[in-house]
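Participant: give me a model of this one.
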Amino acid sequence: MATTAAKITGLYERHGITRIINASGATTTVGGTRMVPEAAAAMLAATESFVVIEEMNARVGEVIAEATGTEAGYVTSGSASAMLLAVAACITGTNPALAKRLPDTTGMPNEVVIHRCHHISYEQMFRAPGATLVEIGGLHQTQPWELESALNDRTAAVAYVDSFSVGDGALDFPTVIEIAHRHGIPVIVDAASSLPPAGHLTRWTAQGADLVIYSGGKGIRGPQDSGLLAGRSDLIAAAAMHGSPNAGIGRGMKVSKEAMAGLLAALEWFMQHDHDAEYRERLAQAEMMQAVLEERPDTYCRIFADQSAYPAPLLGIHPVDGAWDPAKVVEELKRGSPPIYCKPPRDGGIDINMHCLFPGEPELILERLGDVLDGCVSS
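Facilitator: Numbers count the residues shown, from 1 in each chain. Got it, this is the predicted structure:
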């Protein structure tokens, strides 16, 4: 008779769920991060007892606050949940009567100012508690007066997005802080995918951010459905009022005791881990792949390796003189066994994100990629 461990190990196979190679990074569509063993062990241990959820979140929040250099912290159901709770907190404060009315924000400050170049796929979460987004600036430049003129008695917050995918036209952050705070407006920073390095945990609050959002299921390598909200104690208290187990607008975004335990263990691991050494290891993998691929006359590569902007090296693979179609290569890689999921075509090529690759997978990707490129070039 198979042991419980064996049954768990074979879960995907027993239910016909396909294992893939994740070359697209810690993204939700492919299951998020490579959770550290410490987090998985903590989640299992958490099943053995009952706790008061609000107390547990508060205790984990203290660790979050210490790690981020803030007054308080709160565990959320992913960073998208943190976006909603952060805006809700800025709209209502700790007033329970106002909280009960959301998403009806009639008569409340309900505008969130955002740079036009900071639009992201998840910004609906800023609007979900009843907010309206007010755009400022252009894709490549914003003037201070544009932020100044957008602020009024209807403004609940200014949102600032730290992401590899946003444009370069935003005001510098100290200017945003100075203008917003002069008007008494809080600033929310969405830095969900900006870890590691560990120094980014304090990067924004050190410059004056009132609330900062991080994913727990990306670079921190905790449960995929966990997130961190850190900042001013009054705003964290307001966010908690809206969240589970309370019957607020965030009630459906509940966080289990197991997820809180896993995030706590992962955050403790993250603060001690040698991220620089891991980055060098992943950069060496990217350089190895580049050397092999550039032996082909139909392919050239470039490596994006700026840890201050992105947590892991990216290997960009490009056709020479249109020798092959990047979109077709991406689809062919998905059809293989095992399927390989990488970043879709960007800048005329495809990206291999080194962040979530297991040992031996760079070599498997090279083997499969060689076959696919041979087929695309000869067809």
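Participant: just the strands in the stretch 201-350 of the chain please.
Facilitator: 211-215, 227-231, 299-304, 314-319, 340-346, 349-353 (DSSP state E, counting those that start in this stretch).
Participant: could you check the angle the fourth one makes with strand 299-304?
Facilitator: The directions of strand 314-319 and strand 299-304 differ by 160 degrees, with axes from the mean of the first three to the mean of the last three Cα atoms, to 10 degrees as the criterion.
Participant: list the helices and strands strand 314-319 packs on?
Facilitator: If contacts are counted by 3 or more Cβ pairs under 8 Å, 6 or more residues apart in numbering; DSSP states H and E, strand 314-319 sits against helix 275-293, strand 299-304, helix 326-335, strand 349-353. All C-beta spots, glycine's among them, are computed from the backbone N, C-alpha and C.
Participant: ok, of the strands of the stretch 201-350 of the chain, where does mean pLDDT dip lowest?
Facilitator: The stretch with the lowest mean pLDDT among these is strand 340-346, at a mean of 84.
Participant: tilt between it and strand 314-319?
Facilitator: Here the directions of strand 340-346 and strand 314-319 differ by 70 degrees (the same axes, to 10 degrees).
Participant: run the chain-centre distance for strand 340-346.
Facilitator: Going by Cα atoms, centre = their mean, to the nearest Å, the spacing between the C-alpha centre of strand 340-346 and its chain's C-alpha centre is 18 Å.
Participant: rewinding a little: quick one: which of the helices and strands packed on strand 314-319 is nearest A80?
Facilitator: The minimum distance between A80 and these falls on strand 349-353, with 20.2 Å, by Cβ to Cβ.
Participant: how about low-confidence regions in this structure?
Facilitator: Scanning the chain for pLDDT under 70 picks out the ranges 1-9, 378-379.
Participant: got the domain ranges for it?
Facilitator: Here the chain is described, according to automatic domain parsing, as comprising the domains 4-31+274-378, 37-272.
Participant: most packed of those domains?
Facilitator: A comparison of those by mean neighbour count, using mean count of other Cβ atoms under 10 Å, puts domain 37-272 on top with a mean of 20.
Participant: distance of the nearest residue to A89 once chain neighbours are set aside relative to A99?
Facilitator: Nearest non-adjacent residue to A89, counting by Cβ to Cβ, 6 or more residues apart in numbering: A238, 3.6 Å away. Distance of A238 to A99, computed by Cβ to Cβ, to the nearest Å: 8 Å.
Participant: now do H355
Facilitator: When distances are taken as Cβ to Cβ, H355 and A99 turn out to be 37 Å apart.
Participant: now G243
Facilitator: If you measure G243 against A99 using Cβ to Cβ, the figure is 10 Å.
Participant: hmm, back to that, now the strands of the stretch 201-350 of the chain in JSON lines, with distance to I17?
Facilitator: As requested, those are arranged in JSON lines below (distance: least, Cβ to Cβ, whole Å):
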{"stretch": "strand 211-215", "distance to I17": "23"}
{"stretch": "strand 227-231", "distance to I17": "25"}
{"stretch": "strand 299-304", "distance to I17": "32"}
{"stretch": "strand 314-319", "distance to I17": "27"}
{"stretch": "strand 340-346", "distance to I17": "14"}
{"stretch": "strand 349-353", "distance to I17": "22"}
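Participant: G73: which of these is closest?
Facilitator: The stretch from the strands of the stretch 201-350 of the chain with the least distance to G73 (Cβ to Cβ) is strand 227-231; that distance is 4.5 Å.
Participant: within its sheet, name the partner strands of that closest one and how each one runs.
Facilitator: strand 72-76 (antiparallel), strand 211-215 (antiparallel) (DSSP bridges).
Participant: and that strand, C-alpha only, in CSV?
Facilitator: This file holds the C-alpha atoms of strand 227-231, laid out as CSV (Å, rounded to 0.1, in the frame of the first residue of the first chain):
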residue,chain,number,x,y,z
GLY,A,227,1.0,39.0,0.4
LEU,A,228,2.4,41.7,2.6
LEU,A,229,0.9,45.1,3.4
ALA,A,230,3.2,47.3,5.5
GLY,A,231,3.1,50.9,6.6
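Participant: give me the contacts around it.
Facilitator: Counting contacts by Cβ atoms under 8 Å, 6 or more residues apart in numbering, the residues outside strand 227-231 that touch it are 64-65, 68, 70-82, 85-86, 192, 205, 209-217, 220, 236, 239, 263, 267.
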